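Engineer: When you get a sec, could you give me coordinates for this:
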Amino acid sequence: MTITTLVQSLDYSQQQFQLLNPKNYKSIIELFNDSCRLYPAQPAFSCLEHTLSFDDVDIMSRNFAAYFLNQTNLQQGDRIVIQLPELAHAC
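Structural biologist: Modelled structure (predicted):
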């Protein structure tokens, strides 16, 4: 990532932050769901030159949750822990 790309990315993030006004939301889940609804094609996450849109992340997270509800003994409301290494290539 070049400095210009990074600055543009940060500028975009600040613009989105101001547009969404997180103070209007009761939870991070509500903010995430609204972001997915409003900006489905916009980048939500980038790592090592791979980018996922809000729609990508929404679909993947719903599929991940469905797996736990349908393929395990977990029930809605149960909590799990996922531990990943703190390395950029783990993205």
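
Engineer: only C-alpha atoms for contact and neighbour calcs from this point on.
Structural biologist: Fine.

Engineer: those helices in the protein, which residues are they?
Structural biologist: Ranges of helices in the chain, per DSSP state H, are 3-20, 28-38, 54-71.

Engineer: Check these for me: which has the lowest mean pLDDT.
Structural biologist: Ranked by mean pLDDT, the helices of the chain end with helix 3-20 in last place, scoring a mean of 60.

Engineer: Most distant residue from the centre of this protein?
Structural biologist: What lies farthest from the middle of the chain is N73; by CA atoms, centre = their mean that is 25.8 Å.

Engineer: and the gap between that residue and A66?
Structural biologist: Plainly put, N73 is 12 Å away from A66 if you go by CA to CA, to the nearest Å.

Engineer: Tell me how many other residues crowd the nearest residue to D55 once chain neighbours are set aside.
Structural biologist: Leaving aside its chain neighbours, D55 sits nearest to P40 (4.5 Å; criterion: CA to CA, 6 or more residues apart in numbering). Other residues near P40 number 16, with proximity taken as other CA atoms under 10 Å.

Engineer: which residues does P40 contact?
Structural biologist: By CA atoms under 8 Å, 6 or more residues apart in numbering, the contact set of P40 is S53, F54, D55, D56.

Engineer: which one of these is nearest K23?
Structural biologist: F54 (20.2 Å; CA to CA).

Engineer: OK, contacts around that closest one?
Structural biologist: Contacts of F54 (CA under 8 Å, 6+ apart): S35, C36, Y39, P40, A41, Q42, P43, A44, F45.

Engineer: run the last query once more with 6 Å
Structural biologist: C36, P40, A44 (CA atoms under 6 Å, 6 or more residues apart in numbering).

Engineer: No more questions from me, cheers.
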